[in-house]
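Participant: Predicted structure and sequence below. I'll ask about it afterward.
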Amino acid sequence: MKTALTIAGSDSSGGAGIQADIKTMITNGVYAMSAVTALTAQNTTGVTGIMDVTGDFLKQQLDAVFTDIYPDAVKIGMVSQSELIEAIAEKLKEYKAKNIVVDPVMVATSGAKLISDEAIDTLKEKLLPMADVITPNIPEGEVLSDRKIESPDDMVTAAKAIFEKYGCAVLLKGGHAMNDANDLLYTEEGPQWFYGKKIDNPNTHGTGCTLSSAIASNLAKGMSMKDAVEKGKEYISLALGAMLNLGAGSGPMNHGFAVTTDWEVTK
Ligand SMILES: Nc1ncnc2c1ncn2[C@@H]1O[C@H](COP(=O)(O)OP(=O)(O)OP(=O)(O)O)[C@@H](O)[C@H]1O
Ligand SMILES: Cc1ncc(CO)c(N)n1
């Protein structure tokens, strides 16, 4: 069985962060492991508290994982402090991690800020150049490219700028801000659009975490970047389309839509 590691924050309400990542990885057929960067007290209406782990404890978790069950892919989500980003960069280098997917998480769907300004600089300097692909949404893409993104043409220009600046493939997500659900992948081969049909579902808590974990799972299984993105988008469309409706705010998706409850028959 292929293996994947998520390095991210915990979402107590289970729709985003570590919990979304693990559910996504299981449903995409890989063995899921986690190194927790922070605990959040969070539900579908907002984030009420954040408690970061220390850099040393994050390193200890990464040592424990990499020296025993080597991950075929690594997804990085919420990392709010520079010290933690530096710890991750150091360990990924030490263990020669492969198939690194960075979701540059900055703001939660509910509006809460999940990264310090100083950490954004460290992310740019230390982590993005190590990534195989990064998955910013429009506001994150604006921060990383230092330009406004107001049209599909702007998306191409910004993704190209990020690709050239940080040397990693970029999946710039059009999603909620710009168009239907059309995302742009920019690699050394240039731009490629992935068209999605907008699903009329207000419950989009954790969509970014989920897509990046699906892509990491697919890379762990040996897919090309393009196939990993295409299949990842298919997965998130089905999870959104399952129309789960929980909580008072923007609720979670049904990550496990494809998990059978008839497991007895396979005994
Ligand atoms: N209503 C929708 N219907 C179909 N696909 C969607 C919808 N909303 C988002 N997506 C897709 O979900 C994926 C995640 O994109 P999104 O822009 O929501 O990420 P994000 O803003 O980083 O998420 P988060 O809110 O978790 O930070 C993208 O492929 C996007 O196109
Ligand atoms: C822990 C965590 N990571 C990422 C996000 C972004 O959706 C969130 N809301 N919570």
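Facilitator: Okay, I see it. Ligands and ions are numbered 1, 2, ... in the order given.
Participant: Now do the strands for this structure: every range, in order, please.
Facilitator: Ranges of strands in the chain, per DSSP state E, are 3-11, 31-43, 46-52, 73-76, 100-102, 133-134, 169-173, 183-187, 190-194.
Participant: mind putting those strands in JSON lines, distance to residue 148 and mean pLDDT included?
Facilitator: C-betas here are computed from N, CA, C, even on glycine. Listed next are those as JSON lines, based on distance: least, Cβ to Cβ, whole Å; pLDDT from 0 to 100:
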{"stretch": "strand 3-11", "distance to residue 148": "28", "mean pLDDT": "98"}
{"stretch": "strand 31-43", "distance to residue 148": "30", "mean pLDDT": "98"}
{"stretch": "strand 46-52", "distance to residue 148": "27", "mean pLDDT": "95"}
{"stretch": "strand 73-76", "distance to residue 148": "26", "mean pLDDT": "98"}
{"stretch": "strand 100-102", "distance to residue 148": "23", "mean pLDDT": "98"}
{"stretch": "strand 133-134", "distance to residue 148": "19", "mean pLDDT": "98"}
{"stretch": "strand 169-173", "distance to residue 148": "13", "mean pLDDT": "97"}
{"stretch": "strand 183-187", "distance to residue 148": "16", "mean pLDDT": "97"}
{"stretch": "strand 190-194", "distance to residue 148": "18", "mean pLDDT": "97"}
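Participant: Just put these in JSON lines and tack on mean neighbour count.
Facilitator: Below are those laid out as JSON lines (neighbours: other Cβ atoms under 10 Å):
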{"stretch": "strand 3-11", "mean neighbour count": "27"}
{"stretch": "strand 31-43", "mean neighbour count": "21"}
{"stretch": "strand 46-52", "mean neighbour count": "14"}
{"stretch": "strand 73-76", "mean neighbour count": "29"}
{"stretch": "strand 100-102", "mean neighbour count": "27"}
{"stretch": "strand 133-134", "mean neighbour count": "25"}
{"stretch": "strand 169-173", "mean neighbour count": "27"}
{"stretch": "strand 183-187", "mean neighbour count": "22"}
{"stretch": "strand 190-194", "mean neighbour count": "15"}
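Participant: what about the helices in the stretch 101-250 of the chain?
Facilitator: 117-122, 138-145, 152-166, 207-220, 225-241 (DSSP state H, counting those that start in this stretch).
Participant: most packed of the ones you listed?
Facilitator: When those are scored by mean count of other Cβ atoms under 10 Å, the highest mean neighbour count falls to helix 207-220 (a mean of 29).
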